[in-house]
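S.K.: give me a 3D structure for the following:
(chains A, B, C and D)
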2 protein chains.
Amino acid sequence: MNQPLKIRLDNALNKGSKADRKIANFMMSGLSELPFETASSIAKKVEVSEATVGRFCRSLGYTSFKNLKDHLKNDIGDHPWLMSDRLRELQGNEIAGDAALASGMELEIAGLVSVYELARTPEWRRAVKRLATRDCVHVAGFQTERGIAQYFANQLQYIRDRVTLLDLAGGNFIETLATDQDACLVIFEARRYSRLAKLLAQEARAAGIPVTLVTDVFCDWGHAVADEVFAVRTQFHQFWDSTALMASLSNLLIHGVFTELGPEVDNRLDKIARLYGRFTGHVGAPQAQVEN
Amino acid sequence: MNQPLKIRLDNALNKGSKADRKIANFMMSGLSELPFETASSIAKKVEVSEATVGRFCRSLGYTSFKNLKDHLKNDIGDHPWLMSDRLRELQGNEIAGDAALASGMELEIAGLVSVYELARTPEWRRAVKRLATRDCVHVAGFQTERGIAQYFANQLQYIRDRVTLLDLAGGNFIETLATDQDACLVIFEARRYSRLAKLLAQEARAAGIPVTLVTDVFCDWGHAVADEVFAVRTQFHQFWDSTALMASLSNLLIHGVFTELGPEVDNRLDKIARLYGRFTGHVGAPQAQVEN
DNA sequence: CTCAAGTTGAAATATTTCTGTCATTACGTC
DNA sequence: GACGTAATGACAGAAATATTTCAACTTGAG
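M.R.: Numbering: from 1, shown residues only, chains lettered A, B, ... in the order given. The predicted structure follows:
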């Protein structure tokens, strides 16, 4: 019941009727074109009726061709890997509320994959390089994203100097930005709190400070005022949008900067670890991971 | 007249009207999802009318949104929309660093699945119920987890009263805890900063305040001092541990509390939305999700 | 060959998506 | 502030896409 499209198609190829095999075959050979098709366009191409295409999709377990396309978007399908059993248990269990939970999880996983994809773009590399090399990094976040901003800033502070979390209560950030000529700015923002963030970005840009914006896909001004826009997905069937993936994105950024800085960072970590050991009673770098 | 979509969108970003920029921005931030959209689905998401989306496409030089999609098919060959393709690409690419990235992603996905599993345990339900019903909720987090704690607290404040983020700089939290008899406490913690968190948990327990602990899987004292322990995975082949999944866990908790509170919460959201609207210039609940 | 079961397409219907018109609103100019 | 232009959304109609119904067809067992 909850298999990836490909497996289902494979099944249909064997057990299905003539028309079913035609359709399955067509779909198999052009999975990546599928989003552009409609039930009727496929019907024409494989010379069956629209009705048959619809029926075929239903026989595969989807409610319609459109439904199939929707699943295609987030098909984490052929990865039995890590989760299959547990995931399937979640997915199979249609007790009230849990279905939404399970589909939300799929969406969030898809969103997480998107975040990792962002980490391979030229924009990402540019932002990482800048965060590693500029004299000074400002970080800002509003409302709930303030927490994420702090999370990011705190971690960045471990691996480099001169990271400041902007306090924007008053809205008087201009002077803060003006203090350093070789600064850059990272803003965490989600649509619902746009105004201040936009203002900040504009002023930073006016001051010649490059801006990296982490936001959701609904932000309608990002590309106009930021040097890089990293848009994460936020809708996971929860009662309001979740910006949790920004934290994952943060960690990936941090990791990137760490890699970029390379050995430079070691001294700093040691120093901090010593300072920090006094405070917590621990010794050693703060849980720096052993390379494996 | 024969430019790729991206260039045209960039153009629209500068020269276009407000609605045009909204649409352009949205398309920019998710080119690879575009084939799955329709004019009206986009219209809903960016909050313009369907007509405007149509007009926008025409202003870009296409005859319709559908026509735009058709061009997209050829335009961006390097944007596979199939999740599995994208995963494969990440995994197949063994350029230095990327292999680690891909395997890290798998681990993080597995970790995310674990988080969703936590949300189905009896402990989870118990914690959610408590967070919904107790008079007062304290939230605490240390070092980098302080940001996560703030993220959690901020969101919880939207849906219920009397949520406080403990400031633990001095370590004098005892009095704070003692002020209310019907309180509960949520601690975000990760191994490297254990001492204070443990102390806090102990004192809370001594004061009769139930403790919910969100930590990593290495925490060795949690079960002794907390009523519930939610352990998230943290090792994703990054140079140090990532507690990003705690943010996802936070959102799930929030969602749970919201569901538990049910209609009660609506008034509060409205009130806040109004307050908040004055601040940001927005109206309506803060991006409460429309059920679909 | 006959019948039953399953499969299919045509036509009708329902639904979704798109376009055109028009009144309203926003914006810049004077 | 008044004016004209441009932008926008609501609405309605048009087109497309999808679904249902039903009769015709195919297939295979007897």
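S.K.: use CA for all of it now, contacts and neighbours both
M.R.: Will do.
S.K.: what sits against residue A:186?
M.R.: For residue A:186, the residues meeting the contact criterion (Cα atoms under 8 Å, 6 or more residues apart in numbering or on different chains) are A:137-140, A:211-214.
S.K.: so how far is DNA strand C from the residue nearest the centre of chain A?
M.R.: Most central residue of chain A, judged by C-alpha distance to the mean C-alpha position with Cα atoms, centre = their mean, is residue A:115 at 3.0 Å. Distance, residue A:115 to DNA strand C, by Cα to the nearest atom of the strand, to the nearest Å: 27 Å.
S.K.: over to residue A:141?
M.R.: Relative to DNA strand C, residue A:141 is positioned 26 Å away (criterion: Cα to the nearest atom of the strand).
S.K.: ok, and the closest non-adjacent residue to that residue?
M.R.: Spatial nearest neighbour of residue A:141, excluding adjacent residues (Cα to Cα, 6 or more residues apart in numbering or on different chains): residue A:188 at 4.7 Å.
S.K.: count of residues packed around that neighbour?
M.R.: Using other Cα atoms under 10 Å in any protein chain shown, residue A:188 is surrounded by 27 other residues.
S.K.: returning to what we had before: for the nearest residue to the residue nearest to the centre of chain A once chain neighbours are set aside, which three-state class applies?
M.R.: Taking Cα to Cα, 6+ apart as the measure, residue A:115 lies nearest to residue A:249, with 6.1 Å between them; neighbours along the chain are not counted. When classified by DSSP: H, G, I helix; E, B strand; the rest coil, residue A:249 comes out as helix.
S.K.: how about the contacts made by residue A:23?
M.R.: Neighbouring residues of residue A:23 by Cα under 8 Å, 6+ apart: A:42, A:46, A:53, A:56.
S.K.: surely the third one is in contact with residue A:41?
M.R.: No. In terms of Cα atoms under 8 Å, residue A:53 does not count as a neighbour of residue A:41; the distance is 9.9 Å.
S.K.: what about these two, which has more around it?
M.R.: The residue with more neighbours, out of residue A:53 and residue A:41 and counting by other Cα under 10 Å, is residue A:53; that gives 24 against 14.
S.K.: ok, stretch A:22-30 near DNA strand D or not?
M.R.: No. Counting by Cα under 7 Å from any atom of the strand, no contacts exist between stretch A:22-30 and DNA strand D, the nearest distance being 13.6 Å.
S.K.: now that stretch: how far from the chain's centre is it?
M.R.: For stretch A:22-30, the distance from its own C-alpha centre to the chain's C-alpha centre is 31 Å (Cα atoms, centre = their mean, to the nearest Å).
S.K.: same deal with stretch A:42-55?
M.R.: The offset between the C-alpha centroid of stretch A:42-55 and the centroid of the whole chain comes to 36 Å, using Cα atoms, centre = their mean.
S.K.: and it, what's buried?
M.R.: Residues of stretch A:42-55 classed as buried under the neighbour-count rule (16 or more other Cα atoms under 10 Å in any protein chain shown) are A:42-43, A:48, A:50, A:52-55.
S.K.: in helices, which of the residues you listed fall?
M.R.: With DSSP state H as the criterion, helices contain A:42-43, A:50, A:52-55 from among these.
S.K.: nearest to DNA strand C, of those residues?
M.R.: DNA strand C lies nearest to residue A:52 out of these, by Cα to the nearest atom of the strand, at 5.0 Å.
S.K.: please enumerate the helices of the stretch 51-200 of chain A.
M.R.: When secondary structure is read from DSSP state H, counting those that start in this stretch, the stretch 51-200 of chain A shows helices at A:65-73, A:84-92, A:98-118, A:122-133, A:144-159, A:174-178, A:194-206.
S.K.: sorry, back to before: residues in contact with the residue nearest to the centre of chain A?
M.R.: Remark: with contacts taken as Cα under 8 Å, 6+ apart, residue A:115 is in contact with A:232, A:245, A:248-249.
S.K.: just the buried ones from those?
M.R.: Of these, these count as buried by 16+ other Cα under 10 Å: A:232, A:245, A:248-249.
S.K.: can you tell me which of these lies nearest to DNA strand D?
M.R.: Using Cα to the nearest atom of the strand, residue A:232 is the member of these that lies nearest DNA strand D, at 23.6 Å.
S.K.: doesn't residue A:216 make contact with that closest one?
M.R.: Yes. Contact status for residue A:232 versus residue A:216: in contact at 5.0 Å, counting by Cα under 8 Å.
S.K.: give me the common contacts of these two.
M.R.: Listed contacts common to residue A:232 and residue A:216 are residue A:243; contacts here mean Cα under 8 Å, 6+ apart.
S.K.: how about residue A:230, secondary structure?
M.R.: Recorded secondary structure, residue A:230: strand (three-state DSSP).
S.K.: what's the neighbour count on the closest residue in space to residue A:33 that isn't next to it in sequence?
M.R.: The spatial neighbour of residue A:33 that comes closest, neighbours along the chain excluded (Cα to Cα, 6+ apart), is residue B:73 at 7.6 Å. A total of 15 residues lie near residue B:73 under the criterion other Cα under 10 Å.
S.K.: kindly report the same for residue A:208.
M.R.: A count of nearby residues for residue A:208, using other Cα under 10 Å, gives 15.
S.K.: could you report the pLDDT at it?
M.R.: Note on residue A:208: pLDDT of 89.
S.K.: is it part of a helix or strand, or is it coil?
M.R.: When states are read from three-state DSSP, the local structure at residue A:208 comes out as coil.
S.K.: ok so, going back, any chance of the buried ones among the contacts of residue A:115 in a markdown table, with distance to residue B:195 and pLDDT too?
M.R.: Converted to a markdown table, the buried ones among the contacts of residue A:115 look like this (distance: Cα to Cα, whole Å; pLDDT from 0 to 100):
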| residue | distance to residue B:195 | pLDDT |
| --- | --- | --- |
| A:232 | 34 | 95 |
| A:245 | 28 | 98 |
| A:248 | 25 | 98 |
| A:249 | 28 | 98 |
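S.K.: farthest-separated two in the contacts of residue A:115?
M.R.: Among those, the pair separated by the greatest distance (Cα to Cα) is A:232 and A:248, at 10.1 Å.
S.K.: many thanks, we can stop here.
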